[in-house]
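Novice: Requesting a structural model of the entry that follows:
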Amino acid sequence: RTNVSKELNSLWKNGQLIKFQGRPVFFLDYLTIKKEYPAQYIPLLIPQGSKISDYLKADGQKEKPEPADKNPLDNIIGYRDGTLSRVVDDVVAAIAYKGKGIPVLIEGDRGIRKRNFVSSVFEYTRLNGLKNEDARLIFINCQEYAEAEDRFLARILGSGDEKGAFELANKGLIYFQNIHYLPYACIAPIVDAITFGYYSKVGEIRRRKLEVSIVASVNDTADQEKMRYLHSNFPMVAKIPAYERRNIFERIETLLYMFSTEAKSLNTNILINKSILSLFLQYHYDENDRQIHNYVRFTCANAYNRQRTTLENTLHIEVDNLPLDLLSGHYDEEKDSAYVSSLGLYPKNYILCERDGRCECLDFYRKIQKTANAKNLDNFVDQFSLSKKRSEKTEAYVNDMIEVLLGCDETHYQHLRSAISDEVR
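Specialist: Next up, the predicted model:
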């Protein structure tokens, strides 16, 4: 019996079984239930007196998975009650402001997905009637025009019969990516259009009304003189923090998002142990999200190459699949402890990113800043309560609890410890 209990609890801790508290303790296969109810949260621990049906809906009422793009702002990590909540709201308000909106200058280090930020905000304004449905978003990579003034002016203003971006955007938005790479002669027409609300095609005298919103971005390579010039001419400045300036849950979410994106791209499930995720989290990324994405792709490609001869339909990420730079990086024991504790809030040791892009763990951390996962921790503590009926088989009870404690992470352990009275402790 002891060996059976040990194996069952091990499978439960790995996220393969659902455990029902009580006497007797019994288990259900997690994947069997999850296949029937893919869009619902299914806890791995059911408190005594509760039923699994309390968490599920009838067949005819099964929830359908919400499309990832239902709210485009959800594509911005940190929007929901996170570090970017206020920034996103301010930029949406600026772009949606009556007429051409309020021009916005976005500041942030290289690789923090500023383009994704702008794209998500614009799509939100379009879908919610703040911009016309046929409005366009035009991206202009300013680095390409650093030494091509004439070509740039024709691109944005238009020349002869050719329409420029100001007109082609159709009252939408133009995003000047890395505007600091442009010479002053190219920035001046943009500033004039912002200041006076009018522009003219190349070689024309006729003034045309500016009816497009303007967003520009700069990164950490911009010189101070040009920054001051841009600050004085863009009414609103929005700052996006670097990856390491985000809170710990957003960093976890960023990494899980990258793996989920890769699972969808490869059309295969990806399975990752928390310890490997912790290695990714501790590394210092000079290029922020862009570098994380590159390392995730390298890791998946390495794993795929080593497993392509097998018949498995799940990509298992192992330590030797990781880039050497990441493995040889400097690791901080204190940081590692913080990441282990935060990852411990999710009840499974392995994280599954499904081939359709869904990831239960990613959804978990997207919601965690609101819920703080108090219910999960309380349920964990509940299983240690010893009723009179349970005390009749004390040896079996103690053996079960020892098995649970052996696999208990720091977060769950501290929550359990706080629940013990001072006298006993």
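
Novice: Show me which helix or strand of this protein is least confident by mean pLDDT.
Specialist: Counting by mean pLDDT, DSSP states H and E, the chain has its least confident helix or strand at helix 374-382, which shows a mean of 49.

Novice: Just give the number of residues close to the residue lying closest to residue 31 once chain neighbours are set aside.
Specialist: Excluding the flanking residues, the one nearest residue 31 by CB to CB, 6 or more residues apart in numbering is residue 16, at 7.3 Å. C-betas here are computed from N, CA, C, even on glycine. Residues within reach of residue 16, counting by other CB atoms under 10 Å, total 17.

Novice: try residue 206
Specialist: The burial count for residue 206: 7, using other CB under 10 Å.

Novice: what's the answer for residue 2, then?
Specialist: Neighbours of residue 2 (other CB under 10 Å): 11.

Novice: And residue 223, by the same measure?
Specialist: Burial of residue 223 is recorded as 10 neighbouring residues (other CB under 10 Å).

Novice: what are the ranges of the helices in the stretch 251-400 of the chain?
Specialist: In the stretch 251-400 of the chain, the helices defined using DSSP state H, counting those that start in this stretch lie at 274-282, 288-307, 324-327, 333-343, 360-371, 374-382, 394-406.

Novice: Where among the ones you listed is average confidence lowest?
Specialist: Note on the helices of the stretch 251-400 of the chain: lowest mean pLDDT is at helix 374-382, with a mean of 49.

Novice: do you know how far residue 345 is from residue 274?
Specialist: 11 Å (CB to CB, to the nearest Å).

Novice: got the contact list for residue 181?
Specialist: Counting by CB atoms under 8 Å, 6 or more residues apart in numbering, residue 181 makes contact with 142, 143, 145, 146.

Novice: Among those residues, which one lies nearest to residue 6?
Specialist: Closest to residue 6 out of the contacts of residue 181 is residue 143 (59.5 Å), distances taken as CB to CB.

Novice: Can you list the low-confidence ranges for this structure?
Specialist: The chain contains residues with pLDDT under 70 at 1, 13-15, 38-43, 47-49, 54-70, 308-312, 330-336, 369-425.

Novice: same thing but at 80, please
Specialist: Across the chain, residues meeting the criterion (pLDDT under 80) sit at 1-3, 6, 9-16, 21-23, 30-31, 33-70, 80-81, 307-313, 329-341, 367-425.

Novice: Show me which of the contacts of residue 181 are buried.
Specialist: Among these, those scoring as buried are 142, 145 (criterion: 16 or more other CB atoms under 10 Å).

Novice: Could you check stretch 340-360 and say which residues are buried?
Specialist: For stretch 340-360, by 16+ other CB under 10 Å, it's 340-349, 351-355, 357-360.

Novice: Equivalent analysis for stretch 127-142, please.
Specialist: Buried residues in stretch 127-142 (16+ other CB under 10 Å): 130, 131, 135, 136, 137, 138, 140, 142.

Novice: Chain neighbours aside, what residue packs nearest to the third one?
Specialist: Setting aside the residues directly before and after it, residue 135 is nearest to residue 172 in space (CB to CB, 6+ apart), at 3.4 Å.

Novice: The first one too?
Specialist: Take residue 130 and drop its neighbours on the chain: the residue closest to it by CB to CB, 6+ apart is residue 96, 3.8 Å away.

Novice: Mind giving me the packing neighbours of the strand or helix carrying residue 94?
Specialist: Here residue 94 sits within helix 85-96, counting by DSSP states H and E. With contacts taken as 3 or more CB pairs under 8 Å, 6 or more residues apart in numbering; DSSP states H and E, helix 85-96 sits against strand 104-107, helix 114-127, strand 213-218, strand 236-239.

Novice: out of these, nearest to residue 320?
Specialist: Between residue 320 and the helices and strands packed on helix 85-96, the shortest gap by CB to CB is with helix 114-127, which sits at 31.1 Å.

Novice: who touches that closest one?
Specialist: For helix 114-127, the external contacting residues (CB under 8 Å, 6+ apart) are 69, 71-73, 75-76, 88, 91-92, 95-96, 106, 108, 130-133, 135, 137, 139, 172-173, 175, 177, 215, 217, 240.

Novice: Now the buried members of those.
Specialist: Members of the contacts of helix 114-127 classed as buried by 16+ other CB under 10 Å are 71-73, 75-76, 88, 91-92, 95-96, 106, 108, 130-131, 135, 137, 172-173, 175, 177, 215, 217, 240.

Novice: For residue 76, see how far away residue 216 is.
Specialist: Residue 216 sits 18 Å away from residue 76, taking CB to CB as the criterion.

Novice: go on, residue 144?
Specialist: 26 Å.

Novice: Now the terminal residues of stretch 199-218, how far apart.
Specialist: The stretch stretch 199-218 measures 23 Å between its terminal residues, going by CA to CA, to the nearest Å.

Novice: which parts of it are buried?
Specialist: Here stretch 199-218 shows 199, 201-202, 208, 210-218 as buried, counting by 16+ other CB under 10 Å.

Novice: Tabulate those in TSV, adding columns for distance to residue 267.
Specialist: Conversion of the buried residues of stretch 199-218 to TSV gives the following (distance: CB to CB, whole Å):
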residue	distance to residue 267
199	46
201	47
202	47
208	47
210	44
211	42
212	38
213	37
214	39
215	34
216	37
217	33
218	37
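
Novice: Let me know the closest of the residues you listed to residue 303.
Specialist: Relative to residue 303, the closest of the buried residues of stretch 199-218 is residue 217; by CB to CB it sits at 34.1 Å.
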